[in-house]
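1. quick check, what structure comes out for this input:
(2 chains)
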Amino acid sequence: MNLSLKIWRQANAQDPGHFEAYEATSVSHEMSFLEMLDVVNEGLILSGKDPIVFEHDCREGICGSCGFVINGRPHGAWQGTTVCQLHMRAFKDGDHLIIEPWRAAAFPVVKDLMVDRSALDRIIQAGGFIDAPTGSASDANAILVPKEKSELAFDAAACIGCGACVAACPNAAAMLFTAAKISHLGLLPQGQPRRSRRVLDMVGRMDAEGFGGCTNHGECEGACPKRIRMHFIAGMNRDLLTASLWRPRLEGPLHTLAEA
Amino acid sequence: MSVQTTTDAATASRLNAKIPSGPIDQKWSRHKFDLKLVNPANRRKYTILCVGTGLAGASGAAALGELGFNVRCYTYNDSARRAHSIAAQGGINAAKNYRNDGDSVWRLFYDTVKGGDFRAREANVYRLAELSVRIIDQCVAQGVPFARDYGGLLDTRSFGGAQLSRTFYARGQTGQQLLLGAYQALQRQVAAGTVSVNTHTEMLDVIVVDGRARGIVTRNLRTGKIESHFGEAVVLCTGGYGNAFYLSTNAKNCNTTAIWRAHKRGAFFGNPCYTQIHPTCIPVSGEYQSKLTLMSESLRNDGRVWIPKRKGDARAPHEIPEDERDYYLERKYPNFGNLAPRDIASRAAKEVCDEGRGVGSTGLGVYLDFRDSIQRLGEQVIRERYGNLFEMYERITGEDGYKVPMRIYPAVHYTMGGLWVDYNLESTIPGLFVGGEANFSDHGANRLGASALMQGLADGYFILSATLPDYIARTKLDKVSADHPEVRRVEAEVRDRVARLLAVKGKRTVDSFHRELGLLMWNYCGMARNEAGLTTALRRIPELREEFWRNVRVVDGSDSVNQSLEKAGRVADFLELAELICVDALHRRESCGGHFREESQTEDHEARRDDQDFCYVAGWEHTGDLGTPALHREPLVFENIALSERSYK
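-> Purely as a prediction, here's the structure:
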């Protein structure tokens, strides 16, 4: 099949950027979406043009490197699928595709479809961990975790940090990402000691990074390639409210919290 | 091709594994007592450069940061969380014996030595088995959501090469959850100020000053800036080199550059020909194929592998009656059945496909059938166990694995070879430590399933964090500055190489060279190897390398994101490493584990080891000429497990 592509090209964060049109010809149904772009890029390189920059790595839907918007939908039309796992069976001959990067103030464009997602790392640094220094652990089966809770924690822990939730949200909120980590750790007995500080610090960092707030559109859940549910955001808000009562005792710069 | 061989006397001095004395079950604890410590107040004065943020790198950097050292991490990805450890599916072994099924440290040690076809160091493997128990404790404490039963206790499952259930797992995403645990521990140290993570930063060379690793040269992938970084020690946890075959289950960016550059600066390369071909991957569909996808070995717990008995049988699988199916693994290996180790299962698949009995449009495939398990347990149970894998299979192939058998074929998955390291994980360049898949250490000639995660975390959390401080405590080092002549020289070489790649302006893309190299390797140095094939490969690889440097087309521009330039540098290194892999494969005229030499097989086509002549680790030294590396032998001594034929029948 043959496809018409309109792809966002932007040399760097300062460049205003623009769409450019490309034709993808003789595309096989069995190709992955990124393989289709590989073929387009090989053609561009041979004709002396700049290939389209996009991030990708594992191509198995788990590393979270890849991601862009296809016809308005982050990662394309298949539910619960990263763009590297989206296959060309999803399209038909003659389709027009508009491909653009994640758009969010907290995700500045680096080049073309590649954006800077380091803000997500900084949210984790603010408290997305359990304090378990190496060598300090007791026997693994000394901690009992009810299966249901463990499974629920896993549902949240499945987040791959791709940023699709931010791209899908009209407010460019990172609440699904942040809530997923807070829920994963907060549902487990090991995560209790830091639970209040964690939610205050992570939400504080999220706001400071310039992400918006949740107004219950639910677009994030629809776009999430790991099908992480919005109810984790409700859980995070509850934790935040509870923790806020403790705030006077917990306030302080990040490094004192980490060392305390 | 010729191979230089050093005398035994010279060998002994160059490859000292430094295995501690004493009974095997006390070696590590005694050794730990003998290791020197660094005063807590002094630790922050020492800088450790850690390249790679996968399981070994992230866990090692986090553990060293917790101790108080000044750690700087480097990754070419945009976040430490993206390293390819994340894609490991099945699980992690540990000798917990929670199942009361007869497991012990000793048995895990035994299974791993046997699984590696007696080509690993006993002392290393014992330590790995011993530490496996603490890894699970550590990960649970970090909040890794392992599978649990209704009593809230940890669940386990079986993996290839073992007759008990010792594999801990987190759905089909064990690697992801373990890596996120290590990543979070790492980010905790970033917040504490002990660790910095440099993302989008690719290491392009090692700086060796006065015979010791003192720094690295990196290229910032966003700005193109080439920079030097200095420290008291360098740790490489940069993964394996399976992408030398182009198509593999590795992530697209996985490469050999870090370890290959270190090799060219003096680090010996151990057993490069030991590559693992995983039996259960989704078959190739077309020429545009960019990578292959693994279907976890855990599927072989419930899936049965078969092909039609008759050659060229084109019927749909459900039309083939039971007595016309050949469940060849169950037939050939009744004791282990579908859970035969990877190297054996892969070769068996190749053998039946070579006979013309393969399935699918290419004839390169076998069935992995869940029909019987679904009948026995119900679809729901299978869905709970492997749901995400079935989903992935359907996305890629468009077929429903619950209704029709999956089609699978072997693919390159893991490299047991890597930089040679001693018991302390130190390479032949003092101060250069190597962890995880990047080193050659613990898996011998074949890695058992669920052992890679175990090794990565053992190296990082527990071994490097003990042996690296010892090196720092024992070694008096002066500061190295940016104007040191050696630093300037290495930096200039890196700049020159980048410039040369850009200057070729040829007619073939980097990928087209990579594909051609991969096909050569797959055909001549893949699941079965022989002298004629390897000789052909050794002739053609240098030709291809020569054409690459004459005719490659790299996109212009070195001062911003240039993915074509990144790939070109990596492929240039694969083109050199590939030759060493073939040299090693040609010199090892025995079959062992993943290295199958057709000249050395038993009557029923099993691998025939030659303990008389080849019971050693091959450590290759770069001599300046790629075609003639120097071989150094580290003899392998088996004091606790008798060398015996490796049988799974």
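
2. distance of A:Thr215 relative to chain B?
-> Separation of A:Thr215 from chain B (CB to the nearest CB, to the nearest Å): 28 Å. For every residue, glycine as well, the C-beta is placed using N, CA and C.

3. tell me the secondary structure for the nearest residue to that residue once chain neighbours are set aside?
-> Spatial nearest neighbour of A:Thr215, excluding adjacent residues (CB to CB, 6 or more residues apart in numbering or on different chains): A:Asn171 at 6.1 Å. Following DSSP: H, G, I helix; E, B strand; the rest coil, A:Asn171 is assigned to coil.

4. make sure A:Asn171 is actually in contact with A:Gly210.
-> No. Between A:Asn171 and A:Gly210 no contact is recorded; they are 11.2 Å apart, counting by CB atoms under 8 Å.

5. you'd agree B:Asp25 is up against B:Tyr126?
-> Yes. Using CB under 8 Å, B:Asp25 is in contact with B:Tyr126, at 6.9 Å.

6. give me phi/psi at the residue nearest to A:Thr215?
-> phi -100, psi 0 (degrees, to the nearest 10).

7. contacts only, for it.
-> Contact analysis of A:Asn171 by CB atoms under 8 Å, 6 or more residues apart in numbering or on different chains lists A:Gly212, A:Gly213, A:Cys214, A:Thr215, A:His217.

8. pLDDT wise, what is it at?
-> We have a pLDDT of 98 for A:Asn171.

9. just to revisit the earlier point, anything in contact with each of B:Asp25 and B:Tyr126?
-> Here B:Asp25 and B:Tyr126 have B:Val105 as joint contacts, going by CB under 8 Å, 6+ apart.

10. quick one, which of those two is more surrounded?
-> Of the pair B:Asp25 and B:Tyr126, B:Tyr126 is the one with more neighbours under other CB atoms under 10 Å in any protein chain shown, namely 26 against 15.

11. and stretch B:466-486, how far apart are its ends?
-> Terminal residues of stretch B:466-486 lie 30 Å apart, using CA to CA, to the nearest Å.

12. mind listing what whichever residue of the stretch 501-649 of chain B sits closest to chain A touches?
-> Nearest residue of the stretch 501-649 of chain B to chain A, counting by CB to the nearest CB: B:Val561, 4.4 Å away. By CB under 8 Å, 6+ apart, the contact set of B:Val561 is A:Val53, A:Val110, A:Lys111, A:Met114, B:Leu221, B:Arg222.

13. repeat for B:His200
-> Contact partners of B:His200, counting by CB under 8 Å, 6+ apart, are B:Thr75, B:Tyr76, B:Asn77, B:Asp78, B:Asn220, B:Leu221, B:Arg222.

14. ok, the residue nearest to A:Thr215 to A:Cys220 distance?
-> Between A:Asn171 and A:Cys220 the computed distance is 10 Å (CB to CB, to the nearest Å).

15. also B:Phe69?
-> According to CB to CB, B:Phe69 stands 39 Å off from A:Cys220.

16. confidence score at B:Glu606?
-> Listed pLDDT for B:Glu606 reads 89.

17. where do the strands of the stretch 51-200 of chain A begin and end?
-> For the stretch 51-200 of chain A, the strands defined by DSSP state E, counting those that start in this stretch occupy A:69-70, A:73-74, A:96-100, A:109-111, A:114-115.

18. average pLDDT across stretch B:499-517?
-> pLDDT averaged over stretch B:499-517 gives 98.

19. show me what it is in contact with.
-> Stretch B:499-517 has contacts (CB under 8 Å, 6+ apart) with A:38, A:42, A:45-46, B:244, B:246, B:541, B:544, B:547-554, B:556, B:558, B:564-565, B:567-569, B:571-572, B:574-575, B:578.

20. kindly report the same for stretch B:160-167.
-> Residues outside stretch B:160-167 that contact it (CB under 8 Å, 6+ apart): B:90-97, B:99, B:101-103, B:107-108, B:111, B:114-115, B:156-159, B:297-298, B:300, B:335-336, B:339-342, B:345, B:448-450, B:648.

21. so A:Trp105 sits against A:Ala172, correct?
-> Slight slip there: residue A:105 is Ala, not Trp. Yes. Taking contacts as CB under 8 Å, A:Ala105 lies within contact range of A:Ala172: 6.3 Å.

22. who has more neighbours out of those two?
-> Neighbours per residue, other CB under 10 Å: of A:Ala105 and A:Ala172, the larger number sits with A:Ala172, 20 against 12.

23. for B:Asp149, list the residues it contacts.
-> For B:Asp149, the contacting residues are A:Lys147, B:Asp155, by CB under 8 Å, 6+ apart.

24. residue contacts, the closest residue to A:Arg205 other than its chain neighbours?
-> Using CB to CB, 6+ apart and skipping the chain neighbours, the partner closest in space to A:Arg205 is A:Ala126 (3.7 Å). By CB under 8 Å, 6+ apart, A:Ala126 lies in contact with A:Asp201, A:Met202, A:Gly204, A:Arg205, A:Leu254, B:Ala191.

25. again, only using 10 Å
-> Going by CB atoms under 10 Å, 6 or more residues apart in numbering or on different chains, A:Ala126 touches A:178, A:197-198, A:200-206, A:208-209, A:254, A:257-258, B:187, B:191.

26. what about the biggest helix by length in chain B, average pLDDT?
-> When chain B is parsed with DSSP state H, its longest helix is helix B:563-587. Here helix B:563-587 scores 98 as its mean pLDDT.

27. is it positioned near chain A?
-> Yes. Helix B:563-587 lies within reach of chain A by CB under 10 Å from any CB of the partner chain, at B:Gln563, B:Ser564.

28. now that helix, how far from the chain's geometric center?
-> Computed by CA atoms, centre = their mean, to the nearest Å, the chain-centroid distance of helix B:563-587 equals 16 Å.

29. go on, stretch B:258-267?
-> Here the centre of stretch B:258-267 is set off from its chain's centre by 17 Å, with CA atoms, centre = their mean.

30. joint contacts of A:Ala105 and A:Ala172?
-> With CB under 10 Å, 6+ apart, A:Ala105 and A:Ala172 have common neighbours A:Val166, A:Gly210, A:Phe211, A:Gly212.

31. contacts only, for the third one.
-> For A:Phe211, the contact set (CB under 10 Å, 6+ apart) comprises A:104-107, A:119-120, A:123, A:166, A:169, A:171-175, A:177-178, A:205.

32. which of those are buried, as a ChimeraX select command?
-> Those of the contacts of A:Phe211 that count as buried under 16 or more other CB atoms under 10 Å in any protein chain shown are selected in ChimeraX with:
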select /A:104,106,107,119,120,123,166,169,171,172,173,174,175,177,178,205
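
33. overlap of the contact sets of A:Asn171 and A:Cys220?
-> By CB under 10 Å, 6+ apart, the residues touching both A:Asn171 and A:Cys220 are A:Cys214.

34. just the pLDDT for A:Ser244.
-> 89.

35. just give me the neighbour total for the nearest residue to B:Asn271 once chain neighbours are set aside.
-> Nearest non-adjacent residue to B:Asn271, counting by CB to CB, 6+ apart: B:Gly417, 4.1 Å away. Residues lying near B:Gly417 (other CB under 10 Å) number 30.

36. what's the nearest residue to residue 182 if we skip its chain neighbours?
-> Picking chain A for this. Using CB to CB, 6+ apart and skipping the chain neighbours, the partner closest in space to A:Ile182 is A:Met236 (4.9 Å).

37. please refer instead to chain B.
-> B:Ala182 sits nearest to B:Ala58 (CB to CB, 6+ apart), 3.9 Å away.
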